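[1] need a 3D model of the sequence below.
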Amino acid sequence: MKAKHIKCLAVLFSAVTVLLVACRKDSFDYGVFIGADINQQKKYECYDKIVVDPSSFKGKQVETLKADGKNVY
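    Now for the predicted structure:
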């Protein structure tokens, strides 16, 4: 009976740990995106500074990123 409780607690602890790790929002100093597309905005959420390929982004798209608080290079 005691072993069953220990197994249940171990499973519960593991599940909570996995959920906490999965829900954590990572933040990185910078990201380099060559040939990337602005339409994938989720990709840019974790970065404070973004280095982009100028041939892939229009000026308005860069302004959108800057309006979201990103430093764009």
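
[2] okay, CA-based contacts and neighbour counts for the rest of this
    Noted.

[3] quick check, residue 55 in a strand?
    No - Residue 55 is assigned coil when assessed by DSSP: H, G, I helix; E, B strand; the rest coil, not a strand.

[4] not counting sequence-adjacent ones, nearest residue to it?
    Leaving aside its sequence neighbours, residue 55 sits nearest to residue 35 (Cα to Cα, 6 or more residues apart in numbering; 7.8 Å).

[5] the residue most central in space within the chain and residue 65, how far apart?
    Closest to where the C-alpha atoms of the chain average out (Cα atoms, centre = their mean) is residue 46, at 4.2 Å. For residue 46, the distance to residue 65 equals 12 Å [Cα to Cα, to the nearest Å].

[6] quick check: what element follows the helix or strand where residue 3 lies along the chain?
    Counting by DSSP states H and E, the element that carries residue 3 is helix 2-23. Using DSSP H and E, the next helix or strand after helix 2-23 towards the C-terminus is strand 28-33.

[7] okay, now residue 70: neighbour count?
    Other residues lying near residue 70 total 19 when counted by other Cα atoms under 10 Å.

[8] so the closest residue to residue 56 other than its chain neighbours, which of the three states?
    Excluding its sequence neighbours, the residue lying closest to residue 56 (Cα to Cα, 6+ apart) is residue 35, at 5.7 Å. At residue 35 the chain is in coil, as set by three-state DSSP.

[9] would you agree residue 35 is in contact with residue 51?
    No - Residue 35 is not in contact with residue 51 according to Cα atoms under 8 Å; the separation is 11.0 Å.

[10] okay, residue 46: pLDDT?
    With respect to pLDDT, residue 46 scores 81.

[11] ah, wrong one, I meant residue 59
    pLDDT at residue 59 comes out at 85.

[12] then the one 10 residues further on?
    Reported pLDDT at residue 69 in the predicted model: 88.

[13] return the residues in contact with it.
    residue 48 (Cα atoms under 8 Å, 6 or more residues apart in numbering).

[14] next, count neighbours for residue 49.
    Neighbours of residue 49 (other Cα under 10 Å): 19.

[15] now do the buried residues in whichever strand or helix holds residue 50.
    Residue 50 is part of strand 47-52, with elements assigned from DSSP H and E. Residues of strand 47-52 classed as buried: 47-50, 52 (neighbour count, 16 or more other Cα atoms under 10 Å).
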